[in-house]
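Asks: Have a look at this prediction, sequence included:
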Amino acid sequence: MSLDQRQFRDALGAFATGITVVTATDRDGNPVGATANSFSSVSLDPPLALWSVAKTANCFDAFMEAKHFAIHILHSGQEDISRLFATKEADKFAKLNWHPNAGGAPLLEDYSVRFECTTEHLYEGGDHIIVVGRVHDMDVKDQEPLGFYKGKYAKIVV
């Protein structure tokens, strides 16, 4: 049986998710980032989290080479940040408040939760690579999350 890609994508969209922005630096030290809703916890001991990056993403090579990265769980007021990091715009960081961590990963200053990670494993995943990171530090502001459901931004009622 062959699955229709559009139908498969729509069916996956029936799983409500939060939205993250993952950031790193490229080999020249330039900040890069991408919107991802393919985020999940993996392990508590050691603390591991995963996300996946499309092989066609303009920041793909940077994430494959990065030793340090940060995962920012977005809050409900950050739909514009989600959209910005989902584009191929060259300088996504120009109008944002951010600073590098000790490993060089760009840290956004506005988020709900932020995890600072080092790359632990990279796994093949079809048209994506699954990136597993060891979490070394985190900050929790505990704001209402930005949700995504059936291809649209959604309010998550808690």
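Replies: Structure's in. What do you need?

Asks: Ramachandran angles for Phe60?
Replies: Main-chain dihedrals, Phe60, degrees, to the nearest 10: phi -60, psi -50.

Asks: Just give the number of residues close to it.
Replies: Close neighbours of Phe60, defined as other Cβ atoms under 10 Å, add up to 16. All C-beta spots, glycine's among them, are computed from the backbone N, C-alpha and C.

Asks: If I look at it, what pLDDT would I see?
Replies: Predicted confidence (pLDDT) for Phe60: 97.

Asks: Please report how far the residue nearest to it when sequence neighbours are not counted lies from Gly133.
Replies: Excluding the flanking residues, the one nearest Phe60 by Cβ to Cβ, 6 or more residues apart in numbering is Val53, at 5.9 Å. According to Cβ to Cβ, to the nearest Å, Val53 stands 12 Å off from Gly133.

Asks: quick one: pLDDT of Met1?
Replies: Model confidence at Met1, given as pLDDT, is 65.

Asks: let me redo that: Lys88
Replies: pLDDT recorded at Lys88 is 86.

Asks: Tell me the spacing between the closest residue to it other than its chain neighbours and Val22.
Replies: Distances taken as Cβ to Cβ, 6+ apart put Asn58 closest to Lys88, at 5.1 Å, once the chain neighbours are dropped. Using Cβ to Cβ, we find Asn58 at a distance of 14 Å from Val22.

Asks: Equivalent analysis for Ser40, please.
Replies: Applying Cβ to Cβ, the value for Ser40 to Val22 is 13 Å.

Asks: Quickly list what's touching both of these two.
Replies: Common neighbours of Ser40 and Val22, counting by Cβ atoms under 8 Å, 6 or more residues apart in numbering, are Trp51.

Asks: For Gln7, grab the count of nearby residues.
Replies: Using other Cβ under 10 Å, Gln7 has 9 other residues around it.

Asks: Spell out which helix or strand contains it, please.
Replies: Using DSSP states H and E, Gln7 sits within helix 5-12.

Asks: got the contact list for that helix?
Replies: For helix 5-12, the surrounding residues in contact (Cβ under 8 Å, 6+ apart) are Lys150, Gly151.

Asks: And stretch 150-158, by the same measure?
Replies: Applying Cβ under 8 Å, 6+ apart, the external contacts of stretch 150-158 come out as 10, 13-14, 16, 18, 76, 79, 82, 144-148.
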